[in-house]
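Student: Test case, fold it:
(chains A and B)
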Amino acid sequence: MWQTIWFIIRSTIISSAPIGYAALGGVFNERSGVVNIALEGILLVSSFGYVAGAFFGHSAWWGLFWGIMAGLLLSLIHAVATVTFKINHIVSGVALNTIAIGVTRMLSLVMFGQETQSKTNSYTQIFGMDIQWLVALMLFLVIAPLSYWLLFKTSLGLRLRSVGENPEAADSLGISVEKMRYTGVLIGGVIASLGGIALYPTIWQSGISGGRGFIGLASMILGNWMPIRSVLASTMFGFADAIRLLDFVKAYIPDEFLTALPYVLVLVVLAGLIGKARPPRADGVPYVRGE
Amino acid sequence: MPGDIILKMENITKRFPGVLANDHINFDLREGEVHALVGENGAGKSTLMKILYGLYHPDEGTIYIKVDGELKPVKFKNPQDAIKHGIGMVHQHFMLVYGLTTIENIILGYEPSAVIDFDTAKKEIQKIMDESGLHVPLDVDVEVLSVGQQQRVEILKVLYRKAKILILDEPTAVLTPQETDELFNIINRLKEQGHSIIFISHKLHEVMAIADRISVMRKGRLVHTMPKSEATKEKIAELMVGHPVLLDVPRPNVTPGETILEVENLTVESDTKGVMAVDNVSFYIRAGEIYGIAGVEGNGQAELIEAIYGLRPPKGGKITIKGEDITGKPTHVIRKKGVSHIPGDRHKFGVFLPFTLADNSILGHHREENFAKYGIFRKFSNIAQWAREIIKKFDVRTPSEKVPMSALSGGNQQKFVVGREISFEHELMIAAHPTRGVDIGAMEFIYRQLFEEKKQKKAILLVSADLDELLLLSDRIGVMFKGKIIKELDNTSRQVTPKEVGYYMLGGDVEIHEDSDIAGGEQSA
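Tutor: Residues are numbered from 1 along each chain as shown, chains lettered A, B, ... in the order given. Down below sits the predicted model:
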């Protein structure tokens, strides 16, 4: 009995982590005024970055490094496109998601000799702990509270939120809108990358992100763009994901239904939120100085 | 008493492509004085102030600021430089970040430390509030504050940055007379504390009430600077426009005829579900009558007009034109029933900026036989003819009807819209903020046109944020507060004072300050 409960809690935490990290990454992006649907792509490339980095670097640390670098690079492209060149945020995000799929498959072919999945990586321990479990726990214990503190208790957070709500006013007070938006996208990118690392450190497969970046965005909306609430919202989807691994659930409910459950939840929850959740006012609006 | 000169702008010149926005301007400011800067739109006031605030760089000329008791030349690369030299600006359109609390707005960009110590910041702000008399709740989202309170936050922001020189850009444009009084009290208090204020306005009675010195700008030049003792409203207006102006347009005497518009128990939902923007409103307008709607913006005026004009479906109630029910009918049907509309936001609802004047001249009537054969093929010569008539009759300054609307100045765009709406057959004219953003000359012209309408026995529904305008034009005034018309005032012989309207604009339960500087009699109308 207790074993089952612990199993559910543990799998919920692990299943929630990629979604929660994506949600938190989304919070930093959108609080600064940049819509980033490339979170999905970030999960995919950072997952690949971890497996490849650890596999060839023979260390989980190299995995961490390359996982974050991969996500950071994708975020940087998004920042350059949307902030510097003021490209439509959705268009850039769609393009990056497509690129992420293509590039990882290509790299997988080059590095592992097959397009759809990597070889098995056995470097999954840090400080003697399973990295997936460690990174997942970190989200709830460290990263989420830290994000709250950063956004609401520091001048950096205040400035970041101000450019997401009213960039013109921020600009009039000497705050560089571009710098702050880059900061938001890049911090968000690093955080989302941790989600990719927590996805499945042993092996990478094409399509492994499975829409968790988008479910992360839904969690962010459900959490009303608040860091801790967004992460908590992700556990609902994580839980739905976790229970399908249970034997007695499997016995009674068809697997197809369970697999679809998180997505159905997203639809139901978002439909119920219409008119209630309030995004940052300048979310997705490029800032052009002047007039 | 005003002291030494602490700011001097010498020979400031700024050119934009095709325009000399500032032409060798000399302007100075003394310690503890209010120096009013007046002029029409496009006279160069904003440009001059943007130069002072570091947003623009002058092509010629020098700014001197008193540093350590001595005037020294300074160059401002950006607003931060200006702020460092003690200059603060309260923008006409508030630069507040909704979604952030008051305290966050005040310290934004000037935070005491990387990890914000809110308690210390709060103490410091509290001290400034006590000294200046500017009290606002600190821990709420600024969005929920009233317009007057938001303005206080703007001033607090400037004071928190330790500004000695305050630029107030049209600060009273959004205030009720009561709030204006309070602002003037605060300005006087700031003066006593040694702050200097540049007060930009085009409301002459306010300038006369608060300024120590007055500078008038016209077409990029500073034409005259004078102490208040030498100024009169007429003199300032003449300097602004370049020729004598009639500030008072005589009201024609018209006996009201039959009822044209009747609104009964109208209820309209706002953008937020379940919240009623217009709440059980009833009134009527007769032929030859101007009915004014007063109210602080956002109290349901916009929704009321949208409901009458068919842009927003009513939740309940009835709207009739000459007895015919038009409730919930689409706009083109309502237009056909004889409703014309001068929209409050002309760029959003009134014109297509990239289209030519000719195209803009037939909007909403483009399918009529006169303009389109079988309602499909445009009759270009008829359309051009029609546009030229509007241009001529309503004195729109444009090279031809073939230029795009965007080529015209705001005042001329507005004259064109007014002309178009008057020219189409109608019984009811809805005029929302008809003179917003236009200069005194065009304003007078539009007033005359509306009075002409009145003489033609049209019914006119006037919504305006400008009280002087409402009192000048309206026969009756309905004051809207939180979606209800809480008071209807008879103004047939112009007996209503701004104070009286202001009292109800704030809900009617706020005390009237009879003892303050500008008493009710001081209306520019």
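Student: Go ahead and confirm residue B:108 touches residue A:159.
Tutor: Yes. Under the contact definition of Cβ atoms under 8 Å, residue B:108 touches residue A:159, with a separation of 7.0 Å. Every C-beta, even on glycine, is put in place using the N, C-alpha and C of the backbone.
Student: what do the two both touch?
Tutor: A:170, A:175 (Cβ atoms under 8 Å, 6 or more residues apart in numbering or on different chains).
Student: how far does stretch B:48-56 stretch from start to finish?
Tutor: Between the start and the finish of stretch B:48-56 there is a gap of 9 Å, counting by Cα to Cα, to the nearest Å.
Student: Work out for me the element whatever residue of the stretch 1-150 of chain A ends up closest to chain B sits within.
Tutor: Here the residue of the stretch 1-150 of chain A nearest chain B is residue A:149; by Cβ to the nearest Cβ that distance is 8.6 Å. In this structure, residue A:149 sits in helix A:144-153 according to DSSP states H and E.
Student: And the helix or strand following that helix, how far out from the chain middle?
Tutor: In the C-terminal direction, the helix or strand that comes right after helix A:144-153 (DSSP H and E) is helix A:155-165. Counting by Cα atoms, centre = their mean, to the nearest Å, helix A:155-165 is centred 20 Å from the centre of its parent chain.
Student: contacting residues around helix A:155-165?
Tutor: Residues from elsewhere that reach helix A:155-165, judged by Cβ under 8 Å, 6+ apart: A:28, A:30-33, A:149-152, A:169-170, A:173, A:175, A:177, A:180-181, A:183-184, A:280-283, A:287, B:97-100, B:104, B:107-109, B:111, B:113-116.
Student: Got a quick ChimeraX command for the buried subset of those residues?
Tutor: Under the burial definition 16 or more other Cβ atoms under 10 Å in any protein chain shown, those of the contacts of helix A:155-165 that qualify are selected in ChimeraX by:
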select /A:28,30,31,32,33,150,151,169,170,173,175,177,180,181,183,184,280,282,283,287 /B:97,98,99,100,104,107,108,109,111,116
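Student: Out of the contacts of helix A:155-165, which sit inside strands?
Tutor: Assigned to strands by DSSP state E, none of the contacts of helix A:155-165 qualify.
Student: Among the contacts of helix A:155-165, which are located in helices?
Tutor: Within the contacts of helix A:155-165, residues falling in helices by DSSP state H are A:28, A:30-31, A:149-152, A:169-170, A:177, A:180-181, A:183-184, B:104, B:107.
Student: Tell me, how many residues neighbour residue 258?
Tutor: In the absence of a named chain, chain A is used. Per other Cβ atoms under 10 Å in any protein chain shown, the neighbour tally for residue A:258 reads 17.
Student: Correction: the question concerned chain B.
Tutor: Using other Cβ under 10 Å, residue B:258 has 12 other residues around it.
Student: my guess is it meets residue B:289, correct?
Tutor: No. The pair residue B:258 / residue B:289 is not scored as a contact, 10.5 Å apart, by Cβ under 8 Å.
Student: got a pLDDT number for the residue lying closest to residue B:109 once chain neighbours are set aside?
Tutor: Beyond its immediate neighbours in the sequence, the residue positioned closest to residue B:109 (Cβ to Cβ, 6 or more residues apart in numbering or on different chains) is residue A:173, lying 3.4 Å away. Reported pLDDT at residue A:173 in the predicted model: 88.
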